[in-house]
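A.B. asks: Provided below for reference: sequence and predicted model.
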Amino acid sequence: MKLSQRFKSSVFALTGLFASGVVSSYGAVDFVRQVKPVLESACLSCHGAEKPKGEFQLHTKAAAFKGGENGVAIVAKDPAKSPLYTTTALPKDHDDIMPPSSKEPLAKEQSEILKQWIAEGAVWPDGVELKQTQRISFVKDVQPVLEFNCVACHREGHDKGGLRLDAKQFAMKTGDNGPSIVPFFAEKSKTFTSTTLSKDDEALMPPSNKGGPMPKDKQDILKEWINQGAAWPEGITLTPKKADQATGGDNLALVVEMHKRIVANLKEKTAADMKQYNQVIPGGTVNFDMMPIPAGTFLMGTPETEKGRKADEGPQVQVKIEPFWMGKTEVTWNEYELFMYPEDQRLAAAGGTVTKDTVVDGVSRPTKPYVEMSFGMGKDGFPAISMTHHAANKYCQWLSAKTGHFYRLPTEAEWEYACRAGTTTAYSFGDDASKIGEYAWLEANSDWKYQKVGKKKANPWGLHDMHGNVIEWCLDQYSADTYKQGAGKTVDNPWVRSSTPYPHVARGGSWDDTPDKLRSGARRASGPGWKIQDPQLPKSIWYHTDAQFLGIRVVRPLKVPSPEELNKIWNNGVEKD
């Protein structure tokens, strides 16, 4: 549905439900302190100066009151006829709600501020321009900060200073030392100001003997959340939590046992034996397809004449690749969640029975995530996302233990070779970027979220979503100079081994990217920013909660390496930040 149609339907749906005169408990609305933060954090990403959706811009007063392709969006003193407000007040499951459900709708309090501001005349001070800011999500950003740093001392039965932070109705009340949370005014909110006190101050939260003061980036999360309106979704209660820790053995002895199992199960001896096959994960019905990729030589990297080319894509290098199988699609939540959760829960969910396997149970698996990891974008048939490079490697090890086949991440060379599928053009379908919508989910057609795997056309070797949907982890450490090291010679099966936590290579582009980032030769490097808002100290080794565009695809080499090499592949030793 076009934005203009959304505006129409939302106005018709809500007209008559609101009187034009609005009275609320907020008092007179301050545009700069209350409206501006909401628009900058929740609306400007789609309605800024560049490529505004529905031709509706919000960065200046003149643009905002001009409206978009369907007319005005703000009708002063009449919120019921103002799509800027009405689209935010629709039910959460409504197709036309703005911001869309994939980007988290506004909290009721934020929507009410827009409503009251418009009812009061929509006063926008002259000269005030908006600039996009990062939106703070309560569940993703604030909840973990409070649960890891504050709730232990401020909950039912442990309300230090008369303050409880385990539920919204208590957190918004006054504690013994003044207002705990004052929406839009962090400087008046003890929940924030108490975190900024000196280490020896008795009112510091958390106290120095419990890790205080908290890092400045966590303080800033609380500050910005409050200044954006302190949106706290209804029904969410908080519980104290401790820092993430890895579980499992992962020693060489375990890998030796896995190697024995894999070799004993190996039926294909030569490339001629390699066929497409369907892998059922034992214990249930979840399955996935693997496509045979022939051995060959190709030119890795991009020519200097390719549109959108980056410096790290060259010089081009001749690369020789051994045969392997590759996942027909990206790994889905159906597969990945079997790895994430305890054995009995996983198998029960898959319709199977519980059996103990010391080899499988010896592989480290993720701790429970502190947020819902699909972020509302869907799970059944959708790609799994936001796992760290370490988590991706451990999934491959777990999958190998479960199935008796050797699975791992593709090397960067294997990934590009499979993506190109014998082509030398910018994309596996040619150089014409106008056709990309037939093969990929990207910024222009994804509706701001990932989509179910395998719905777009496959490349010449039968692989779906190599361009777009989610960007995919590769095994390699990223280096901007990788190709220079192989210039002028043929390189056999290259793999840049890991020596630091960052950066690692990811390939293929995503649902949130432009066509140039989906090219066969386009490279991307991971960084700490992919989990910058992780509240744990040390940072989680399992989740990149800021990388909702990141997924995985597995490969299975025909040749099975030694146990020592398997151990290096699955356990690179650089998982901790």
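C.D. replies: Yes, it's here. Numbers count the residues shown, from 1 in each chain.

A.B. asks: mind listing the helices for the stretch 101-250 of the chain?
C.D. replies: Using DSSP state H, counting those that start in this stretch, the helices of the stretch 101-250 of the chain run over residues 108-119, 143-149, 168-171, 190-193, 216-227.

A.B. asks: separation between the closest residue to Gly48 other than its chain neighbours and Lys66?
C.D. replies: Leaving aside its sequence neighbours, Gly48 sits nearest to His59 (C-beta to C-beta, 6 or more residues apart in numbering; 5.4 Å). The C-beta positions use only the backbone N, C-alpha and C, and glycine is treated the same way. Counting by C-beta to C-beta, to the nearest Å, the gap from His59 to Lys66 is 12 Å.

A.B. asks: more neighbours: the two, which one.
C.D. replies: Neighbours were counted for His59 and for Lys66 using other C-beta atoms under 10 Å; His59 has more, 20 against 15.

A.B. asks: quick check: that one vs Gly175, distance?
C.D. replies: Taking C-beta to C-beta as the measure, His59 falls 39 Å from Gly175.

A.B. asks: do the same with Asp577
C.D. replies: From Asp577 across to Gly175, the span is 34 Å (C-beta to C-beta).

A.B. asks: any idea how far the residue nearest to Gly48 is from Gly127?
C.D. replies: 13 Å.

A.B. asks: could you do Glu322 as well?
C.D. replies: Distance check for Glu322 against Gly127: by C-beta to C-beta, it reads 64 Å.

A.B. asks: hang on, the earlier thing: quick one: closest of the helices of the stretch 101-250 of the chain to Thr329.
C.D. replies: Checking these against Thr329 by C-beta to C-beta gives helix 143-149 as the closest, at 31.0 Å.

A.B. asks: quick check: buried residues in the closest one?
C.D. replies: For helix 143-149, burial by neighbour count (16 or more other C-beta atoms under 10 Å) applies to 143-149.

A.B. asks: stretch 520-533 too?
C.D. replies: By neighbour count with 16+ other C-beta under 10 Å, stretch 520-533 contains the buried residues 520-524, 526-527, 530-531, 533.

A.B. asks: what's Phe324 sitting at in phi/psi?
C.D. replies: In terms of degrees, to the nearest 10, the main-chain angles of Phe324 are phi -160, psi 170.

A.B. asks: that one: what's it in contact with?
C.D. replies: Counting by C-beta atoms under 8 Å, 6 or more residues apart in numbering, Phe324 makes contact with 293, 410, 414, 555-558.

A.B. asks: so what's it bridging to?
C.D. replies: Ile293, Pro557 (DSSP bridges).

A.B. asks: how much space between it and Ile532?
C.D. replies: With C-beta to C-beta as the criterion, Phe324 and Ile532 are 34 Å apart.

A.B. asks: kindly report the same for Asp176.
C.D. replies: In this view, Asp176 and Ile532 are 34 Å apart by C-beta to C-beta.

A.B. asks: again, but for Met377
C.D. replies: Distance of Met377 to Ile532, computed by C-beta to C-beta: 20 Å.

A.B. asks: now do Val286
C.D. replies: For Val286, the distance to Ile532 equals 33 Å [C-beta to C-beta].

A.B. asks: one more: Arg365?
C.D. replies: For Arg365 relative to Ile532 (C-beta to C-beta), the value is 24 Å.

A.B. asks: show me this structure divided up by domain.
C.D. replies: Domain ranges of the chain: 3-119, 138-227, 271-570, per automatic domain parsing.

A.B. asks: so for the longest one, what's the average pLDDT?
C.D. replies: Read that as domain 271-570. Across domain 271-570, pLDDT averages out at 93.

A.B. asks: what's the answer for the shortest one, then?
C.D. replies: Model confidence over domain 138-227, given as mean pLDDT, is 87.

A.B. asks: and what of the first one?
C.D. replies: Averaging pLDDT along domain 3-119 gives 78.

A.B. asks: from the chain's centroid, how far away is that domain?
C.D. replies: 26 Å (C-alpha atoms, centre = their mean, to the nearest Å).

A.B. asks: what about the residue nearest to Trp570 when sequence neighbours are not counted, is that helix, strand or coil?
C.D. replies: Distances taken as C-beta to C-beta, 6+ apart put Gln397 closest to Trp570, at 4.0 Å, once the chain neighbours are dropped. With DSSP: H, G, I helix; E, B strand; the rest coil as the basis, Gln397 sits in helix.

A.B. asks: ok, Gln397 - contacts?
C.D. replies: 250, 258, 363, 570-571.

A.B. asks: max pairwise distance over the contacts of Phe324: which two?
C.D. replies: Greatest spatial distance in the contacts of Phe324: Pro410 and Leu558, 13.7 Å, computed using C-beta to C-beta.

A.B. asks: quick one: which of the contacts of Phe324 has the most company?
C.D. replies: Neighbour-wise, these (other C-beta under 10 Å) top out at Pro410, 28 neighbours.

A.B. asks: what packs against the helix or strand hosting Ala253?
C.D. replies: For Ala253, the element it lies in under DSSP states H and E is helix 252-265. Applying 3 or more C-beta pairs under 8 Å, 6 or more residues apart in numbering; DSSP states H and E, one finds that helix 252-265 makes contact with helix 358-361, helix 389-403, helix 563-570.

A.B. asks: so the longest one versus helix 563-570, what angle?
C.D. replies: Per axes from the mean of the first three to the mean of the last three C-alpha atoms, to 10 degrees, the angle that helix 389-403 makes with helix 563-570 is 130 degrees.

A.B. asks: just want the angle from helix 389-403 to helix 252-265.
C.D. replies: Using the same axes, to 10 degrees: helix 389-403 against helix 252-265 is 50 degrees.

A.B. asks: related to what we said a few turns ago, of all the helices of the stretch 101-250 of the chain, which lies closest to Ala547?
C.D. replies: Closest approach to Ala547 among the helices of the stretch 101-250 of the chain (C-beta to C-beta): helix 143-149, 16.0 Å.

A.B. asks: ok, and what's touching stretch 302-313?
C.D. replies: Here stretch 302-313 makes contact (C-beta under 8 Å, 6+ apart) with 301, 314, 316, 426, 431, 433, 480-483, 515-517, 519-523.

A.B. asks: for stretch 553-561, same thing?
C.D. replies: By C-beta under 8 Å, 6+ apart, the surrounding residues in contact with stretch 553-561 are 259, 262-263, 266, 268, 270-271, 274, 290, 293, 322-327, 329-331, 396, 399, 405-410, 414-415, 472, 569.

A.B. asks: who touches Tyr277 in this structure?
C.D. replies: Per C-beta under 8 Å, 6+ apart, neighbours of Tyr277: 289-290, 325.

A.B. asks: any chance of JSON lines for those, columns neighbour count and distance to Asp200?
C.D. replies: Output for these, formatted as JSON lines (neighbours: other C-beta atoms under 10 Å; distance: C-beta to C-beta, whole Å):
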{"residue": "Asp289", "neighbour count": "16", "distance to Asp200": "61"}
{"residue": "Met290", "neighbour count": "21", "distance to Asp200": "60"}
{"residue": "Trp325", "neighbour count": "24", "distance to Asp200": "61"}
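
A.B. asks: in a markdown table: these, plus distance to Trp232.
C.D. replies: What follows is the contacts of Tyr277, written out as a markdown table (distance: C-beta to C-beta, whole Å):
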| residue | distance to Trp232 |
| --- | --- |
| Asp289 | 43 |
| Met290 | 45 |
| Trp325 | 47 |
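
A.B. asks: name the nearest of the residues you listed relative to Trp511.
C.D. replies: Trp511 lies nearest to Asp289 out of the contacts of Tyr277, by C-beta to C-beta, at 21.8 Å.

A.B. asks: now Asp176: how far from His154?
C.D. replies: The gap separating Asp176 from His154 is 11 Å, by C-beta to C-beta.

A.B. asks: who has more neighbours out of the two?
C.D. replies: Higher neighbour count among Asp176 and His154: His154, with 25 against 11, using other C-beta under 10 Å.

A.B. asks: contacting residues around that one?
C.D. replies: For His154, the contacting residues are 160-161, 163-166, 205, by C-beta under 8 Å, 6+ apart.
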